[in-house]
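> Predicted model follows, preceded by the sequence.
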Amino acid sequence: MEGNGSQEPQSRLHLGVVDHESLQQTSAGRKKGGWITFPFIGVAMLGVGVATSGALSNLVVYLIKEYHVPSVDAAQIANIVNGCLSVAPVAGAIVADAFFGCYPIVAVSMAFSVLALVVFTLTASLPSLRPPPCQPGSNLCEPATAGQMAALYAGVLLMCITAAGSRFNQATMGADQFESPADRDVLFNWFFIFFYGSSVLGATVIVYVQDTVSWTLGFGIAGAASVVGLAGILLGKRYYLRPPVRGSPFTGLARVAVAAARKRKVTAATSGESNFYHGPRHSGDGDGKAGDTNVVADPSDSFRYTH
């Protein structure tokens with residue numbers, strides 16, 4: 001009795017981080033899910049955040065200095081990229097909810113992050129993937145070729161795919177590991193801390209390295225962060241709860257749109273030609289006379305039921 005009494009205050013103190021039903025579920029015999037998954041998901045959040053921010057925060061300067069793109073055009077390209085980064089996660093969330101689940105989409109998207117940073121690092125390190133430097137004292141600079149711009153845009157596209165699969169789905173995947181609303185609240189708090197913290201880290205430290213040391217080293221550091229994030233999400237695979245796919249309401253809306261498009265040429269019958277199913281007339285002695293309950297009345301124009 002005394003031993004139990006001495007352990008109870010310690011357990012309450014240990015579980016006092018969240019003041020609802022909470023962390024004891026992690027050690028209550030659950031083999032998957034719970035806070036044991038948090039370090040792996042947290043590393044993935046930080047890795048992909050640093051990689052994305054480090055690769056794209058300084059894109060305008062990279063276009064102007066290394067690809068000789070006019071400043072107005074570079075700003076427009078950066079705005080388009082930022083728009084894609086904001087819209088793409090919606091598509092990634094729909095695909096995860098409707099078809100594959102969160103974990104496969106997050107893992108694949110983070111693999112794309114590694115490929116994207118490899119492409120960015122190659123564009124910075126290989127002279128053949130950039131136009132030659134401007135001549136000193138001259139305002140005439142050779143523009144980038146179509147192939148060189150295509151290589152750069154390939155890296156940007158891969159980063160957009162990364163954001164599509166990881167940005168929202170990481171939070172959903174983390175929430176799926178918990179049954180307690182209190183634990184989910186804590187998880188979402190940490191998600192936003194990691195999301196904005198990694199963005200600030202990439203936009204300051206990595207951008208400083210790119211501007212003062214070299215673009216190759218800056219993109220290389222971002223690439224190392226993406227590799228660490230990918231390793232983190234894969235190492236925790238055996239601990240994750242992976243609930244079945246529930247479907248997405250957007251797929252139902254898409255089916256309605258497709259059905260409407262296919263039937264756009266179908267002509268609707270006029271009110272005089274409409275035939276409504278209103279149930280069979282029962283066989284028997286009933287012939288429509290008063291008091292016969294086996295006769296189904298014809299539908300009136302005031303209230304129509306179509307099936």
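Yep, it's here.
> On the three-state scheme, P243 is what?
coil (DSSP: H, G, I helix; E, B strand; the rest coil).
> So which bits of the helix or strand where V106 lies are buried?
Here V106 sits within helix 102-125, counting by DSSP states H and E. Within helix 102-125, the residues that count as buried by 16 or more other Cβ atoms under 10 Å are 102-103, 105-107, 109-121, 123-124. Bear in mind the C-beta positions are built from the backbone N, C-alpha and C, glycine included.
> Also stretch 83-101?
Neighbour-count burial for stretch 83-101 [16+ other Cβ under 10 Å]: 84-85, 88-89, 92-98, 101.
> Other residues contacting that stretch?
Stretch 83-101 is touched from outside by 52, 56, 102, 104-105, 109, 159-161, 163-169, 172, 242-248, 250-251, with contacts defined as Cβ atoms under 8 Å, 6 or more residues apart in numbering.
> returning to what we had before: for the buried residues of stretch 83-101, which one is nearest F219?
Lowest distance from F219 to those (Cβ to Cβ) belongs to L85, with 17.4 Å.
> any idea of the angle the helix or strand in which that closest one is found forms with helix 102-125?
Taking DSSP H and E as the criterion, L85 maps to helix 71-95. Relative orientation of helix 71-95 versus helix 102-125 (axes from the mean of the first three to the mean of the last three Cα atoms, to 10 degrees): 160 degrees.
> Report the mean confidence score over helix 71-95.
Taken as a whole, helix 71-95 has an average pLDDT of 91.
> got it, and stretch 182-200?
Stretch 182-200 comes out at a mean pLDDT of 92.
> what comes up buried for it?
In terms of neighbour count (16+ other Cβ under 10 Å), stretch 182-200 has its buried residues at 183-184, 186-187, 190-191, 194-195, 198-199.
> mind listing which of the residues you listed are in helices?
Counted as lying in helices by DSSP state H, out of the buried residues of stretch 182-200, are 183-184, 186-187, 190-191, 194-195, 198-199.
> For the stretch 151-300 of the chain, which segments count as strands?
Counting by DSSP state E, counting those that start in this stretch, one finds no strands in the stretch 151-300 of the chain.
> just the helices in it please.
Using DSSP state H, counting those that start in this stretch, the helices of the stretch 151-300 of the chain run over 181-201, 207-212, 215-235, 249-262.
> Take those and write them to a markdown table, including distance to A74.
Compiled in a markdown table, the helices of the stretch 151-300 of the chain are given as follows (distance: least, Cβ to Cβ, whole Å):
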| stretch | distance to A74 |
| --- | --- |
| helix 181-201 | 21 |
| helix 207-212 | 15 |
| helix 215-235 | 15 |
| helix 249-262 | 34 |
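> mind checking which of those is nearest A44?
The closest of those to A44 is helix 215-235. By Cβ to Cβ, the value is 4.0 Å.
> relative to helix 181-201, how tilted is the closest one?
160 degrees.
> List the buried residues for helix 215-235?
For helix 215-235, by 16+ other Cβ under 10 Å, it's 215-233.
> same check, this time on stretch 234-249
For stretch 234-249, a neighbour-count test (16+ other Cβ under 10 Å) marks 236, 239-241, 248 as buried.
> now that stretch, how far from the chain's geometric center?
Chain-centre distance of stretch 234-249: 14 Å, with Cα atoms, centre = their mean, to the nearest Å.
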